[in-house]
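Need coordinates for the below:
(one chain, ligands or ions: 2)
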Amino acid sequence: MTPIVSVLIVFIGFTCLLLVGAMVPQSSARVPTGRGRGSKWWGIAKVGEPTNLIQNTIRGGGIGGSYLEPVVQAVLRKKQQRLVRENRGVLEAIAKGANEAIVECKHQFRNRRWNCPTKAFWRGKNIFGKIVDKGCRETAFLYAITSAAVTHAVVRACSEGAIESCTCDYRLHNKYSRSMSSDQNWKWGSCSDNIEFGYKFSRDFVDAGEKIRDMRGTMNLHNNEAGRMHVQSLMRRQCKCHGMSGSCTMKTCWMRLPNLREVGNSIKDRFDGASRVLISNAGSLRDFGRRTRYKFQLKPYNPDHKPPSKKDLVFFEDSPNFCDKDARYGVSGTVGRACNVSSMGVDGCDLMCCGRGYTVSVKTVVERCKCTFKWCCQVECKNCTVTRTYYTCK
Ligand SMILES: *[C@@H]1O[C@H](CO)[C@@H](O)[C@H](O)[C@H]1NC(C)=O
Ligand SMILES: *[C@@H]1O[C@H](CO)[C@@H](O)[C@H](O)[C@H]1NC(C)=O
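Ligands and ions are numbered 1, 2, ... in the order given. Take a look at the predicted model:
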C-alpha cells in the first residue's frame with residue numbers, strides 16, 4: 001500500500017467518524033423528545049403546589065390585567081397563554097379540570113396493573129410520567145380524560161359565573177321557546193350549561209400544542225376530541241315542575257352537564273375496545289385549516305375492523321406489560337400491589353401478580369365500630385379489634 005492510499009483511507013475513515021459523530025446526537029435527540037408534546041399543560045394541575053401560584057396569577061390578573069406567573073407560563077404555549085389572558089377566570093377552571101382528570105384516572109384504573117401513577121414531585125416532567133412517550137391505549141385514555149375534564153370544568157365555571165367571557169347558554173330559549181311552549185307544557189329556561197363554549201374553548205386550548213404532521217399528533221388530536229365528544233353526548237335535559245303542588249302544568253327545562261364520573265365511565269368503556277390504527281396517506285394531510293382538522297383518515301390496523309368513531313380511543317403502539325419494572329416508561333411493576341384473591345378479573349391475584357404468586361398477611365387492626373348517633377349531634381363509636389387478611393403480589 002502506498003503512503004498516499006493509506007493516508008486517503010485514514011482520511012476517509014476519519015470523515016466517516018466525524019459524520020457518524022455528528023449524526024448520532026441529532027437522531028437520538030429527535031426520537032424521544034416531544035412525543036408527548038401538547039400535554040405539557042397537564043402540569044397546570046401541580047403548578048399550584050405547594051404554594052398556590054394559580055391563585056397568585058388570578059389575583060395578579062385582577063390587578064394587572066394579564067399577569068401570568070412564570071411557572072404557569074412555563075407549561076403553556078403562546079396560544080394557550082393568550083387564551084388564558086383573554087378569558088379571565090378560565091385558568092382556575094383548567095387547573096381544577098386537570099386535577100379532576102388525575103382523580104378520575106386513578107379511580108378508573110385503581111384495580112388495574114397500570115393504575116394511573118402520577119409523580120409526587122412535578123419538575124417540568126410529564127405528571128403522568130414517561131408512559132406518555134408511547135402511543136399506547138393508556139396514553140389515549142390520558143389525552144381523552146384530560147381534554148374531557150377541562151371541557152367539563154370550563155362549562156361548570158361558565159354556569160357559576162366564574163369566567164368573564166361566558167355565561168349559561170340562553171340561546172335555546174330564543175330558538176325554541178316560542179314554538180314549543182305553545183303546544184307543549186314545557187319551555188326552555190333557567191341556566192343551560194354552556195357546552196358550546198366549553199367544547200370550543202377546550203378545542204382551542206387543549207389542541208393548541210399538537211402538530212398534526214405525524215401519527216402521534218393525529219392520535220392525540222383524535223383522543224382529545226373523543227374526550228370532548230363524551231362530555232357533549234352525555235348532556236341531558238333536566239326539568240322542573242311548576243304549578244299547583246304536584247300538578248306540573250308547566251315545566252321549565254335546561255341542558256345539564258353530566259358529572260365527571262359518568263364521563264370517566266364512558267371513556268373507560270372505550271379503553272378496552274380502543275382501536276389500533278394506521279394513518280392512511282389519503283386525506284388532506286397538508287390542509288391545516290380548522291374545518292379539515294379532524295378529518296384525517298384513521299384506518300383500522302386490522303382491515304376487518306370498523307374505522308374508529310369520534311368517541312373511540314385510538315392508539316398505534318402496544319402497551320408495556322406493566323408487570324415488571326420498566327424505567328423506559330416509568331413503569332414500577334406490580335410487586336407489592338394488593339390483589340383480590342377471590343376475583344377472576346384484572347384485580348385478581350393471578351392477573352395482577354402476573355403469575356408470580358402472592359403473599360398472605362394477617363394483621364390485627366383497630367377500627368371504629370358499633371357506631372351510635374347521640375342526640376344531638378355526635379356519632380359515638382367503639383374501638384373493635386379485627387383481623388384482616390391482605391394479599392400482596394410477590
Ligand atoms: C373481590 O372480588 C370479589 C369477586 O369479584 C368481589 O365480590 C369483592 O367485592 C372483591 N373484594 C374487594 C375488597 O374488592
Ligand atoms: C378509640 O381509639 C382512639 C385512638 O386510637 C382513641 O382516641 C379513642 O378514645 C378510643 N375510643 C374508645 C371508645 O375507646
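
Alongside ligand 1, which residues does the protein contribute?
340, 342-343 (CB under 6 Å from any ligand atom). Bear in mind the C-beta positions are built from the backbone N, C-alpha and C, glycine included.

residues of stretch 99-117 that come out buried?
In terms of neighbour count (16 or more other CB atoms under 10 Å), stretch 99-117 has its buried residues at 99-102, 104-105, 107-109, 111-117.

So what does residue 254 have for phi and psi?
phi -150, psi 160 (degrees, to the nearest 10).

how about it, what does it touch?
168, 172, 188-193, 237-239 (CB atoms under 8 Å, 6 or more residues apart in numbering).

distance of it from ligand 1?
Distance, residue 254 to ligand 1, using CB to the nearest ligand atom, to the nearest Å: 38 Å.

rewinding a little: which among the contacts of residue 254 gets closest to ligand 1?
residue 238 (33.0 Å; CB to the nearest ligand atom).

I figured residue 44 was touching residue 74, is that so?
No: contact criterion CB atoms under 8 Å: residue 44 and residue 74 do not qualify, at 10.3 Å.

the more surrounded of the two?
Legend: neighbour count by other CB atoms under 10 Å for residue 44 and residue 74, higher for residue 44 (26 against 12).

pLDDT at the residue in the stretch 1-150 of the chain that ligand 1 sits nearest to, what is it?
Going by CB to the nearest ligand atom, ligand 1 is nearest to residue 111 of the stretch 1-150 of the chain, at 7.6 Å. As predicted, residue 111 sits at a pLDDT of 94.

isn't it right next to residue 348, touching?
No: under the criterion of CB under 8 Å, residue 111 is not in contact with residue 348, lying 9.2 Å apart.

all helices of the stretch 201-350 of the chain, in order?
215-233, 260-272, 349-352 (DSSP state H, counting those that start in this stretch).

Flag the shaky bits of this protein, pLDDT-wise.
Applying pLDDT under 70 to the chain flags residues 1-36, 48-66, 120-124, 174-184, 212-213, 279-296.

how does it look with 50?
1-33, 60-64, 282-294 (pLDDT under 50).

what domains does the record give for it?
Domains of the chain are assigned by automatic domain parsing as 36-333, 335-394.

ok, the most centrally placed residue in the chain - contacts?
When CA atoms, centre = their mean is applied to the chain, the residue found nearest the centroid is residue 146 (2.3 Å). Listed by CB under 8 Å, 6+ apart, the contact set of residue 146 reads 39, 42, 97-98, 101, 206, 227.

Filter those down to the ones in helices?
97-98, 101, 206, 227 (DSSP state H).

returning to that earlier point: ok, for the residue of the stretch 1-150 of the chain closest to ligand 1, nearest residue in space, not its chain neighbours?
The shortest distance from residue 111 to any non-neighbouring residue, by CB to CB, 6 or more residues apart in numbering, is to residue 347 (3.6 Å).

now do residue 312
Of all residues beyond its chain neighbours, the one nearest residue 312 is residue 275 (5.1 Å), with distances taken as CB to CB, 6+ apart.

related to what we said a few turns ago, quick one, which of the helices of the stretch 201-350 of the chain is packed in tightest?
Across these, the average number of neighbours (mean count of other CB atoms under 10 Å) peaks for helix 215-233, which reaches a mean of 24.

would you put the C-alpha positions of that helix in CSV?
Only the C-alpha atoms of helix 215-233 are listed here, as CSV (Å, rounded to 0.1, in the frame of the first residue of the first chain):
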residue,chain,number,x,y,z
MET,A,215,-49.1,9.5,13.6
ARG,A,216,-48.7,10.6,17.2
GLY,A,217,-50.1,14.1,16.7
THR,A,218,-53.1,12.7,14.8
MET,A,219,-53.7,10.2,17.6
ASN,A,220,-53.5,12.9,20.3
LEU,A,221,-56.0,15.1,18.4
HIS,A,222,-58.4,12.3,17.9
ASN,A,223,-58.3,11.3,21.6
ASN,A,224,-58.7,14.9,22.7
GLU,A,225,-61.7,15.2,20.5
ALA,A,226,-63.1,11.9,21.8
GLY,A,227,-62.9,13.2,25.3
ARG,A,228,-64.9,16.3,24.4
MET,A,229,-67.5,14.2,22.5
HIS,A,230,-68.1,12.1,25.5
VAL,A,231,-68.9,15.2,27.6
GLN,A,232,-71.1,16.6,24.9
SER,A,233,-73.1,13.4,24.2
